[in-house]
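**Student:** Make a model of this:
(one chain, ligands or ions: 1)
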Amino acid sequence: MKAVKRYHISTGKIAIGLLLLILLLMILGGCSLFAGYDDEAYISENENLTVVGVSQLGSESGWRTANTESVQSVFTKQNGFFLIFNNARQKQENQIKAIRSFISQRVDYIVFAPVVESGWETVLIEAKEAGIPVILMDRGVNVADKSLYITCIGSDFVEEGEKAGRWLEADLEERGTADDEINIVILKGNQGASAQTGRSIGFSTIAGTHSNWNILDQEYGDFTSAKGKEVMESFLQKYPDIDVVVSQNDDMTFGALEAIRESGRTVGIDGDITIISFDAVQEALQMVAEGTINVDIECNPNQGEYIYEAIQMLESGEEPEKRYYVEEDVYTIDNVTEELLSQRTY
Ligand code: GZL
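**Tutor:** Numbers count the residues shown, from 1 in each chain. This next block holds a predicted model:
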């Protein structure tokens, strides 16, 4: 058999060949080797576009997904924008890193949904010193100097909590149990989030006016269904006589419902545990229609349009308001069907 001539190619040449092949594939694939923070090349190609750096806090819930989609659907090249989007995966340090990267890339605007209320002064001062306007999306920040951000667009979380309390007052009246001892447990969102603190303040303000409402326990469920289930399981083991669950978002509610079902207890309009939830995402509204969730306090994630309007105002030299509240409602079996038939986007 003819000796097969062995070509000896050094490993170095193989490595260079592979690297060139990868580079070629990436260029053909249209993706930048430096995608992510170092989008300099892309920005320079699109210098006529308004560059917006968005730091989203995570992707922990169905609500958050809808919130992200509302931003990505408006900040498009067709609308004259170049969007740099970063998912911080629930970590404040990732948001601070992303904001610093936006500053170093000299974006035109910074938009971020702060995972917690505190710890933002330093990086917001850096953004201000760089002359980059900052817009808060969804949640708020605790800063003494309000000039560190242009506007905050989101919900009134205290009012959402009060709506939950007022609904429970009316429901107990309707059931003729307004004077009974009512045992309540609360699943809270991630500690320090303005959505968590606001809803807690709002509900406890109403609860505090009823000496017969006993808040047996409240724990952080971090706005996720897994943690919501875990916390609910512990509540069910500790408290045999829970009457009401207040769950500060639908994802935690989904987990809590699983735990309650596994415990053999019943929920909803005809059940022995009343379920009060927040967000009003589509899947939860279906459960309201089935009578499983008694009431869902809406929290509107469609904030992209509001942010777009604020930036357009700034582009034309106008000063937006310091605070914008998105429109939202309260859903029960009485009004949910009409809402489900509407052109709802989440
Ligand atoms: C509320 C938002 C909360 C939602 C949760 O505006 O910050 O965070 O209620 C989400 O679903 O995780």
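**Student:** Spell out which parts of the stretch 101-250 of the chain neighbour the ligand.
**Tutor:** Proximity of the stretch 101-250 of the chain to the ligand, by Cβ under 6 Å from any ligand atom, involves residues Asp138, Arg139, Gly154, Ser155, Ala195, Phe223, Asn249. C-beta: built from backbone N, CA, C; applies to glycine.
**Student:** next one: phi and psi at the fifth one?
**Tutor:** Its backbone dihedrals place Ala195 at phi -70, psi -40, with angles given as degrees, to the nearest 10.
**Student:** wait, what's in contact with it?
**Tutor:** Asp138, Arg139, Ser155, Phe157, Gly189, Phe223, Gln248, Asn249, Cys299 (Cβ atoms under 8 Å, 6 or more residues apart in numbering).
**Student:** In contact with Glu305, which residues are there?
**Tutor:** Residues in contact with Glu305 (Cβ under 8 Å, 6+ apart) are Ser70, Val74.
**Student:** For Met137, see how far away it is.
**Tutor:** Applying Cβ to Cβ, to the nearest Å, the value for Glu305 to Met137 is 12 Å.
**Student:** Now for Val288: which residues touch it?
**Tutor:** Taking Cβ under 8 Å, 6+ apart, one finds Asn294, Val295, Asp296, Tyr331, Thr332, Ile333, Val336 in contact with Val288.
**Student:** I'd assumed it was in a helix, is it?
**Tutor:** Yes: using DSSP: H, G, I helix; E, B strand; the rest coil, the assignment for Val288 is a helix.
**Student:** so which of the contacts of Ala195 is the most crowded?
**Tutor:** Of all the contacts of Ala195, Gln248 has the most neighbours under the rule other Cβ atoms under 10 Å, reaching 35 neighbours.
**Student:** which residue packs closest to it, ignoring adjacent ones?
**Tutor:** Gly189 (4.6 Å; Cβ to Cβ, 6 or more residues apart in numbering).
**Student:** isn't the one you found right up against Asp222?
**Tutor:** Yes: between Gly189 and Asp222 there is a contact under Cβ atoms under 8 Å: 6.8 Å.
**Student:** can you give me phi and psi for Cys299?
**Tutor:** Per-residue torsions, Cys299: phi -130, psi 110 (degrees, to the nearest 10).
**Student:** show me what contacts it?
**Tutor:** Cys299 sits next to Trp63, Ser155, Glu160, Ala195, Asn249, Phe278, Asp279, Ala280, Glu328 when contact means Cβ under 8 Å, 6+ apart.
**Student:** rewinding a little: mutual contacts of Gly189 and Asp222, please.
**Tutor:** Common neighbours of Gly189 and Asp222 (Cβ under 8 Å, 6+ apart) are Met252.
**Student:** next helix or strand past the helix or strand hosting Phe102?
**Tutor:** Per DSSP states H and E, Phe102 falls inside helix 92-104. Counting by DSSP H and E, the element after helix 92-104 in chain order, helix or strand, is strand 109-112.
**Student:** about what we covered before: go through the residues of the stretch 101-250 of the chain next to the ligand and name the one nearest Ser118.
**Tutor:** Comparing these against Ser118 with Cβ to Cβ places Arg139 closest, at 11.6 Å.
**Student:** The closest residue to the closest one other than its chain neighbours: neighbouring residues, count only.
**Tutor:** Using Cβ to Cβ, 6+ apart and skipping residues adjacent in sequence, the residue nearest Arg139 is Ser194, 4.4 Å away. For Ser194, the count of nearby residues is 23 (other Cβ under 10 Å).
**Student:** if we can go back for a sec, filter the residues of the stretch 101-250 of the chain next to the ligand down to the ones in helices?
**Tutor:** Judged by DSSP state H, these include Ala195 as members of helices.
**Student:** mind putting the residues of the stretch 101-250 of the chain next to the ligand in a markdown table, pLDDT included?
**Tutor:** Converted to a markdown table, those look like this (pLDDT from 0 to 100):
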| residue | pLDDT |
| --- | --- |
| Asp138 | 98 |
| Arg139 | 97 |
| Gly154 | 97 |
| Ser155 | 97 |
| Ala195 | 98 |
| Phe223 | 97 |
| Asn249 | 98 |
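**Student:** Point out the ones among the residues of the stretch 101-250 of the chain next to the ligand that are inside strands.
**Tutor:** Among these, the members found in strands (DSSP state E) are Asp138, Gly154.
**Student:** Where do the helices of this protein begin and end?
**Tutor:** Here the chain has its helices, by DSSP H, at 11-28, 40-45, 62-72, 92-104, 121-129, 157-175, 194-207, 225-238, 250-263, 282-290, 304-315, 336-341.
**Student:** quick one: the fifth one to chain centroid distance?
**Tutor:** What that stands for is helix 121-129. 23 Å (Cα atoms, centre = their mean, to the nearest Å).
**Student:** Could you check the angle that helix makes with helix 92-104?
**Tutor:** If you take axes from the mean of the first three to the mean of the last three Cα atoms, to 10 degrees, helix 121-129 sits at 10 degrees to helix 92-104.
**Student:** Show me what helix 121-129 is packed against.
**Tutor:** Under the contact definition 3 or more Cβ pairs under 8 Å, 6 or more residues apart in numbering; DSSP states H and E, helix 121-129 sits against helix 92-104, strand 134-138.
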